[in-house]
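Asker: this one's sequence-less:
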């Protein structure tokens, strides 16, 4: 298992990224934090293979966190998960050993694609203490190519936002049955909007939908996460 630390100061996104990570085979979340200081503490007390890192943290810039990690001898790989689009930051991130750069907002498909690519890279190049012997140029090229995959997932329908999509998936992540009203209250959107997202997921057969009969009038539909999604099933922004 690839032990993953989520570092994200937005609680909703942190929960979404943790849920997403848990749904990718071969990955497990060993910690979630919203600060660089706490991230360093967790790195010192737990075995971490991969850090999913937001660059804009309240106490420490993500790149400074990377520098401190390396100075303290932490060898965990880093995937930047951020809204930072400044190419100078991208260049600095690469120089500090950030292996992938995922721009917000994104869908689960794009997220899983990066993690799948990283897992393939790790398999080909080997963990730090198990580097395969006799690696040739072609092996190295294939390993780095795994980090540069491009998604073939279909886009979200017009009018659906990736950030809202993420938040709704995070709410569904527990597997407990939930209604459009519950989702609307949790995410801060209207019930009709929540139903649009839920109906889209239902059409994709990613959630099951069952009527719940109470009083008079139309039944309320209850939604439950149906299957672990794959990168070909979930849309991207």
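Answerer: Received it, and whenever you're ready, just let me know what you need. Quick caveat: nothing in here was measured; it's all calculated off a predicted structure.

Asker: which parts of the longest helix along the chain are buried?
Answerer: Ordering each helix of the chain by length in residues (DSSP state H) puts helix 108-125 first. Residues of helix 108-125 classed as buried by neighbour count (16 or more other CB atoms under 10 Å): 108-122, 124-125. For every residue, glycine as well, the C-beta is placed using N, CA and C.

Asker: packing partners of it?
Answerer: strand 2-7, helix 11-22, strand 77-82, strand 98-103, helix 137-145, helix 162-172 (3 or more CB pairs under 8 Å, 6 or more residues apart in numbering; DSSP states H and E).

Asker: rerun that using 10 Å as the cut-off
Answerer: Under the contact criterion of 3 or more CB pairs under 10 Å, 6 or more residues apart in numbering; DSSP states H and E, helix 108-125 touches strand 2-7, helix 11-22, strand 27-33, strand 50-53, strand 77-82, strand 98-103, helix 137-145, helix 162-172.

Asker: who does the closest residue to residue 122 other than its chain neighbours form a beta bridge with?
Answerer: Distances taken as CB to CB, 6 or more residues apart in numbering put residue 2 closest to residue 122, at 6.8 Å, once the chain neighbours are dropped. Beta-bridge partners recorded for residue 2 (DSSP bridges): residue 27.

Asker: average pLDDT for stretch 93-112?
Answerer: Stretch 93-112 comes out with an average pLDDT of 82.

Asker: and it, which residues are buried?
Answerer: 93, 96, 98-102, 104, 106-112.

Asker: quick one, what contacts the one residue sitting closest to the centre of the chain?
Answerer: Nearest to the centroid of the C-alpha atoms of the chain, with distances taken as CA atoms, centre = their mean, sits residue 17, at 3.9 Å. Residues near residue 17 by CB atoms under 10 Å, 6 or more residues apart in numbering: 4, 6-8, 10, 29, 32, 52, 54, 81, 102, 111, 166, 170.

Asker: pLDDT at the residue nearest to it when sequence neighbours are not counted, what is it?
Answerer: In this structure, residue 17 finds its nearest non-sequential neighbour in residue 6, 4.9 Å apart by CB to CB, 6+ apart. pLDDT, residue 6: 97.

Asker: does residue 6 touch residue 78 like I think?
Answerer: No - using CB atoms under 10 Å, residue 6 makes no contact with residue 78, being 12.0 Å away.

Asker: anything in contact with each of the two?
Answerer: Common neighbours of residue 6 and residue 78 (CB under 10 Å, 6+ apart) are 50, 51, 52, 53.
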